[in-house]
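**Student:** Sequence isn't available, so here's the structure alone:
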């Protein structure tokens, strides 16, 4: 039996800082990652997770700009949307790389809910950076106009921050375990999961 490895793909590895956040660029970056992931399969079964900070932030910006036409969704639904889209993109690029190497493995992307404590202090002190980087002046303007909480992110600029409560359990853990036991490559808990 192979060892199990959990591999995390950072959201900034999908949308690289300074690179235009297009689906094309995301697929290119994920294709590079897929080559590495496939090379692990001789020695490991893998469960893949991914960040989604840049992607969910971009989705929030899109919704903010279109709110006069379509009402914005709450952040948990945006988390689910980015889990689905990134899960699809990872599965597609990984599947393409597997086919290039004539390796037959099934891939399953699971939209994952994470149980959290409703009284977690993370809800009162948002700390998870999402979306694009802004200058200090832009961040101050967004705080005033939209009520967003903005924080400086590692000297690279200012970003919106959202709650990041501590995970207590995974709702779909038995589904994920069953898929791994069936020798499938699993993509799960993207962005840390959707807090419920």
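**Tutor:** Now that the structure is in, tell me what you want to look at. Given the structure is predicted, the values throughout are model-derived calculations rather than measurements.

**Student:** Where do the domain boundaries of this structure fall?
**Tutor:** 3-116+167-195, 118-165 (the TED database).

**Student:** from the ones you listed, which stretch is densest packed?
**Tutor:** Of all these, domain 3-116+167-195 carries the top mean neighbour count, a mean of 17, counting by mean count of other Cβ atoms under 10 Å. To be clear about C-beta, it is placed using only N, CA and C from the backbone, and glycine gets the same treatment.

**Student:** Between the two ends of that domain, how far is it?
**Tutor:** 29 Å (Cα to Cα, to the nearest Å).

**Student:** Generate TSV for the domains of the chain, with mean pLDDT as supplementary columns.
**Tutor:** Output for these, formatted as TSV (pLDDT from 0 to 100):
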stretch	mean pLDDT
domain 3-116+167-195	94
domain 118-165	91
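
**Student:** can you tell me which helix in the chain is longest?
**Tutor:** Of all the segments of type helix in the chain, defined by DSSP state H, the longest one is helix 75-100.

**Student:** Quick check: next helix or strand after that helix?
**Tutor:** Per DSSP states H and E, the first helix or strand lying C-terminal to helix 75-100 is strand 107-110.

**Student:** Could you point out the helix or strand that follows that next one?
**Tutor:** Tracing the chain C-terminally past strand 107-110 and defining elements by DSSP H and E, one meets strand 113-115 next.

**Student:** From the chain's centroid, how far away is that following strand?
**Tutor:** For strand 113-115, the separation from the chain centroid amounts to 14 Å (computed by Cα atoms, centre = their mean, to the nearest Å).

**Student:** Which strands or helices does that strand pack on?
**Tutor:** strand 169-170, strand 194-195 (3 or more Cβ pairs under 8 Å, 6 or more residues apart in numbering; DSSP states H and E).

**Student:** Brilliant, that's me finished.
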